[in-house]
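A.B. asks: how would this look folded up:
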Amino acid sequence: MFGFGQLAGYDYFVHVRGALRQRFSDAGADVQIKVVPTPPTSSLRFRARVLAKTVTGSAGSDDGPIHIVGHSTGGLDARLAVSPTTNLGLDKELMSWTGRVCTCTSLNTPHYGTPLAGYFATVSGTRVLYGLSLLTVLSLSVGAPSFAVFSRLLSSLGGIDQMLGGNLALVSRMSDMLLRVVDEGGRQEITGFLGKVRIDQGAIIQIMPEAMDLFNAAAEDSDAVRYGSIATAAPAPQAIRFAKRVRSPYAALTAAMFSTLYQFTSQRPRPYPYAEPGPEQAALLERHIAGELGDRANDGIVPTLSMLWGELVWCGEGDHLDVIGHFHDDEKPAEHVDWMTSGAQFDRGRFASAMDALAGFLLRS
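C.D. replies: The predicted structure follows:
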């Protein structure tokens, strides 16, 4: 959800790619990194086909090892593509590379689904998904839009509850106002991206806990692949926690949005349980994430216990995009841009720790 490759001049995975390239270089290992341009909300099977074709095009003539790293829904695309029990409807030559896959690592992936998808699948939720996608793209590509734009935005919304209620007129007004801060070329790219979100939300339906129950029954793991996962949890939204972070109309707006998204995500449907951490996983989670880690814990988009698959490579406090380098950067000059005020206090040190663990997992023989 909300993800892209490059849009309006911004590279979504720039921080992860740079971090992994540096760590591979430090280890004396050559690496080629390719970002898969998957549609943001299309069906998992369609996205997995895009992944397969991208790998074929970039590594089809090589014989070296392949590592797949998927953030959010991308982790499900990866599992689907390398599973020996699924059929993507592609010719065998387009899937010949799967025998070279060494690792499949997921970051904040909803392996057991997310209740938030149920809300986004409603009529009002679809409109909110559209608005949040736009806000995320603009926040990352041009930074927090100007104070003037957000002042008009906040006054026009008449309260965050109305926007999150899916009022089409309010979402459209927000979209029009926010797009004014982008040049014409970038505006066309973003409009095309949002068109894909509006037309096809197959993945939203498929990552509901009810649908992921079937996914997990069908997509068996490959015995030849090491599976790993990274998991985070954001602190439960509280006014006191947010007080130090809410310094602008942008921060106030996104803090309110995050609080609402967190509440939706914490509403676990009882018949479909998340992962049960093993003793080692439980110890790591307890050591690195403060507070009780039950069914309600989440990163604002995905329940934390839904992120566990295979070896737990790294865990810590953070929101859904912190782990790929989109967080509030207090160091100067700032290299990172936040997407939403979550109160997780994620920083460069925590990001470096996550990337160290990820690279170590990929490089392990």
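
A.B. asks: ok, and what's touching stretch 81-101?
C.D. replies: Residues outside stretch 81-101 that contact it (C-beta atoms under 8 Å, 6 or more residues apart in numbering): 45, 48-49, 51-53, 55-56, 59-60, 63-68, 80, 104, 218-222, 224-225. Where you see a C-beta, it was placed from the backbone N, CA and C, and this is true even at glycine.

A.B. asks: out of these, which are buried?
C.D. replies: 45, 48-49, 51-53, 55-56, 59, 66-68, 80, 104, 219, 221-222, 225 (16 or more other C-beta atoms under 10 Å).

A.B. asks: just checking, which of these belong to helices?
C.D. replies: Using DSSP state H, the subset of the buried ones among the contacts of stretch 81-101 located in helices is Arg45, Ala48, Arg49, Leu51, Ala52, Lys53, Val55, Thr56, Ala59, Leu80.

A.B. asks: Farthest pair within those residues?
C.D. replies: Arg45 and Ala59 (21.3 Å; C-beta to C-beta).

A.B. asks: Now do the helices in the stretch 201-350 of the chain.
C.D. replies: Applying DSSP state H, counting those that start in this stretch to the stretch 201-350 of the chain gives helices spanning 202-206, 209-218, 239-243, 249-265, 279-288, 348-363.

A.B. asks: so who does Met307 touch?
C.D. replies: Met307 neighbours (C-beta under 8 Å, 6+ apart): Ser106, Asn108, Thr109, Pro110, His111, Ser229, Ile230, Ala231, Thr232, Ala275, Asp299.

A.B. asks: Now rank those by neighbours and give me the top one.
C.D. replies: Ala231 (34 neighbours; other C-beta atoms under 10 Å).

A.B. asks: could you dump the helix or strand Thr191 falls within to PDB, C-alpha only?
C.D. replies: In this structure, Thr191 sits in helix 184-199 according to DSSP states H and E. Output of helix 184-199 as PDB, limited to C-alpha atoms (Å, rounded to 0.1, in the frame of the first residue of the first chain):
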ATOM      1  CA  GLU A 184       3.100  19.900 -14.200                       C
ATOM      2  CA  GLY A 185       5.300  16.900 -15.100                       C
ATOM      3  CA  GLY A 186       5.200  15.500 -11.600                       C
ATOM      4  CA  ARG A 187       1.500  16.100 -11.400                       C
ATOM      5  CA  GLN A 188       0.900  13.900 -14.400                       C
ATOM      6  CA  GLU A 189       2.900  11.100 -13.000                       C
ATOM      7  CA  ILE A 190       1.100  11.300  -9.600                       C
ATOM      8  CA  THR A 191      -2.200  11.400 -11.300                       C
ATOM      9  CA  GLY A 192      -1.400   8.300 -13.300                       C
ATOM     10  CA  PHE A 193      -0.300   6.500 -10.100                       C
ATOM     11  CA  LEU A 194      -3.500   7.500  -8.300                       C
ATOM     12  CA  GLY A 195      -5.500   6.300 -11.300                       C
ATOM     13  CA  LYS A 196      -4.100   2.800 -10.700                       C
ATOM     14  CA  VAL A 197      -5.200   3.000  -7.100                       C
ATOM     15  CA  ARG A 198      -8.700   4.100  -8.100                       C
ATOM     16  CA  ILE A 199      -9.100   1.500 -10.800                       C
END
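
A.B. asks: If anything else comes up later, I'll come back, but that's it for now.
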